[in-house]
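Engineer: The sequence isn't on hand, but the structure is:
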DNA sequence: AGCGCAGATATTGTCGACAAAACATTAATT
DNA sequence: AATTAATGTTTTGTCGACAATATCTGCGCT
């Protein structure tokens, strides 16, 4: 189930995507209970498809289920965010390493083109960059790893959780220009087919992002 | 769903565990189709619980499902094994890094005790070591990371796939004494709370294991 | 004979109903 | 008054039936 490319076919698919969207956006509150009957009336489908959707959400770590008790949306905590970024650092570092050897020259050229596009956007001072551009950048490298496990874990799983934290903790924030430089260096390493350096730079990049988030969290908590 | 500690409660749980066991052991052939009706008669439960079990197996990457077509057991390929070990290297490396800071002194003492036990076993020349002992060693470090995502991805997901490759490609193999030394050094780094070194050593350890598997595969292929 | 189409068959997707377990409420006892 | 037991309600788990989609079979056509 490559959740990024294929279009929704079955009712369970559509319900899964809709529910995931609602959870990420916070329309369904973090920590709240997912009542099967209630959802089934709200989304206009039978309990069976709701159950299937919930099962998939559990696989993404967006909800937690207990036998005979029910499912709850995961609670967002600063510790959880840290854990998430530790995994992300590890996996995206490996993705960058693999991308440096597995991406085609065309794909690398595309990455460079994306960078220049971003540079134009950043120069004009638009904040658009972070949300869409940053995601796109990381997506390309993840896919460039050509490792299906890596791709699945990151894109089908971790990324939605990260988006959830971003949205609900209110982090569209700064880190635009510095992040751009980091991106540039990562692409440079990949262009040079320097796998080790690409991994190191990507890990540092994600570590910095985490630190920036933690600072923001601390200031919000006051 | 912490699949390692909790005991099976519902029929879906039991069916999931049984099916997973049968897939890992090769009783259900790699690449074969999982017919819902057939399984439902074989396992003596309704199609609903079979579907739930298959959904969970998909989350573990043990089966692949296509809408309106059905589920197949994943095909085992040398390339797949390489991809798996790339992810494992990345994640278990991070686990070792985190374990070095997050394990309690008692847990570390337990790790050292496990090592001496293994040493006795290895000295007497028993091959028992690799299967149970090695798994136990890695489990403890993974759990020692105290990172729930890491634990879930590795223990609920990747490890069963690795066991499947081990069983079906016939790898109980050697690498006993050398692996023991590697384990010893890893535990040493963790005992010294040297996170960076623990990660490096664990990554090398897993890389060596992968290389050993690849050699074995190549010789089997002749 | 090979290819394409139409009907028949089998498989997956969805639904509503029933069973079992958890939870809430009330009553009884100390 | 507090705790526990019993009962009733709600929620999840399981089942069999029906609908929709895919696969197979056989016929007709070129």
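Structural biologist: Structure's in. What do you need? Fair warning: this is a prediction, and the values are worked out from it, not measured in the lab.
Engineer: In chain A, which residue sits nearest DNA strand D?
Structural biologist: Each residue of chain A has a distance to DNA strand D, by Cβ to the nearest atom of the strand, and the smallest belongs to residue A:70, at 3.2 Å. For glycine as for every other residue, the C-beta is placed from the backbone atoms N, C-alpha and C.
Engineer: ok, now which ones touch that residue?
Structural biologist: Residues in contact with residue A:70 (Cβ atoms under 8 Å, 6 or more residues apart in numbering or on different chains) are A:33-36.
Engineer: Enumerate every residue touching the residue nearest to the spatial centre of chain A.
Structural biologist: The C-alpha lying nearest the average C-alpha coordinate of chain A belongs to residue A:159 (Cα atoms, centre = their mean; 1.7 Å). When the contact criterion is Cβ under 8 Å, 6+ apart, the partners of residue A:159 are residue A:135.
Engineer: separation between it and residue A:151?
Structural biologist: Taken as Cβ to Cβ, to the nearest Å, the spacing of residue A:159 relative to residue A:151 amounts to 10 Å.
Engineer: How about residue A:169?
Structural biologist: Here the criterion is Cβ to Cβ. By it, residue A:169 lies 26 Å from residue A:151.
Engineer: Equivalent analysis for residue A:101, please.
Structural biologist: With distances taken as Cβ to Cβ, residue A:101 is found 16 Å from residue A:151.
Engineer: How about residue A:23?
Structural biologist: Using Cβ to Cβ, one gets 22 Å for the distance from residue A:23 to residue A:151.
Engineer: Looking at those two now, which is surrounded by more residues?
Structural biologist: Set side by side, residue A:23 and residue A:151 give different neighbour counts by other Cβ atoms under 10 Å in any protein chain shown, the larger being at residue A:23 (24 against 20).
Engineer: Please name the residues that touch residue A:195.
Structural biologist: Under the criterion of Cβ under 8 Å, 6+ apart, the contact partners of residue A:195 comprise A:97-98, A:100-101.
Engineer: Name the SS class of the residue of chain A positioned farthest from its centre, please.
Structural biologist: No residue in chain A sits farther from the centre than residue A:68, which is 30.7 Å out by Cα atoms, centre = their mean. Using DSSP: H, G, I helix; E, B strand; the rest coil, the secondary structure recorded for residue A:68 is coil.
Engineer: Going by neighbour count, which residues of stretch A:106-113 are buried?
Structural biologist: With burial defined by 16 or more other Cβ atoms under 10 Å in any protein chain shown, the residues of stretch A:106-113 counted as buried are A:107-108, A:111.
Engineer: Now that stretch: average pLDDT?
Structural biologist: Within the predicted structure, the mean pLDDT of stretch A:106-113 is 96.
Engineer: roughly how far is that stretch from the heart of the chain?
Structural biologist: Taking the mean C-alpha point of stretch A:106-113 and that of its whole chain, the gap between them comes to 21 Å (Cα atoms, centre = their mean, to the nearest Å).
Engineer: Give me the contact list for it.
Structural biologist: With contacts defined as Cβ under 8 Å, 6+ apart, stretch A:106-113 is touched by A:103, A:137, A:140-141, A:144, A:187, A:190-191.
Engineer: Give the rounded mean pLDDT of stretch A:57-76.
Structural biologist: Averaging pLDDT along stretch A:57-76 gives 97.
Engineer: which parts of that stretch are buried?
Structural biologist: Under the neighbour-count criterion of 16+ other Cβ under 10 Å, stretch A:57-76 has A:57-64, A:71, A:73-74, A:76 buried.
Engineer: Just send those back as TSV, with secondary structure too.
Structural biologist: TSV is the format used below for the buried residues of stretch A:57-76 (three-state DSSP):
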residue	secondary structure
A:57	helix
A:58	helix
A:59	helix
A:60	coil
A:61	coil
A:62	coil
A:63	strand
A:64	strand
A:71	strand
A:73	strand
A:74	coil
A:76	coil
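Engineer: Return the member of the residues you listed nearest to DNA strand C.
Structural biologist: When the buried residues of stretch A:57-76 are compared against DNA strand C (criterion: Cβ to the nearest atom of the strand), the nearest one is residue A:71, at 12.3 Å.
Engineer: and the buried residues of stretch A:106-113, which of them are in helices?
Structural biologist: The helices in this structure, assigned by DSSP state H, contain A:107-108, A:111 from these.
Engineer: where exactly do the helices run in chain A?
Structural biologist: A:11-25, A:36-42, A:47-59, A:78-102, A:105-123, A:128, A:135-144, A:148-151, A:159-168, A:176-191, A:195-221.
Engineer: Which of these sits closest to residue B:47?
Structural biologist: Judged by Cβ to Cβ, the one of the helices of chain A that comes nearest to residue B:47 is helix A:47-59, at 10.7 Å.
Engineer: so what does the closest one touch, helix or strand wise?
Structural biologist: Helices and strands touching helix A:47-59, by 3 or more Cβ pairs under 8 Å, 6 or more residues apart in numbering or on different chains; DSSP states H and E, are helix A:11-25, helix A:36-42, strand A:63-66, strand A:70-73, helix B:47-59.
Engineer: Highest mean neighbour count out of these?
Structural biologist: Between the helices and strands packed on helix A:47-59, helix B:47-59 has the highest mean count of neighbours, a mean of 20, where neighbours are mean count of other Cβ atoms under 10 Å in any protein chain shown.
Engineer: Can you confirm whether it lies near DNA strand D?
Structural biologist: Yes: Helix B:47-59 lies in contact with DNA strand D when judged by Cβ under 7 Å from any atom of the strand; the contacting residues are B:47-49, B:52.
Engineer: For those, work out which two are farthest apart.
Structural biologist: Within these, two members stand farthest from each other by Cβ to Cβ: B:47 and B:52, at 9.7 Å.
Engineer: shared neighbours of those two, anything?
Structural biologist: The overlap between the contact sets of residue B:47 and residue B:52 (Cβ under 8 Å, 6+ apart) is empty.
Engineer: shaky segments in chain A?
Structural biologist: Segments of chain A classed as low confidence (criterion: pLDDT under 70) are A:1-8, A:125-132, A:172-177, A:220-222.
Engineer: so can I have a markdown table of the ones in helices among the buried residues of stretch A:106-113 showing distance to residue B:88?
Structural biologist: Shown next, in a markdown table, are those (distance: Cβ to Cβ, whole Å):
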| residue | distance to residue B:88 |
| --- | --- |
| A:107 | 25 |
| A:108 | 27 |
| A:111 | 27 |
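Engineer: Thanks again, I'm all set now.
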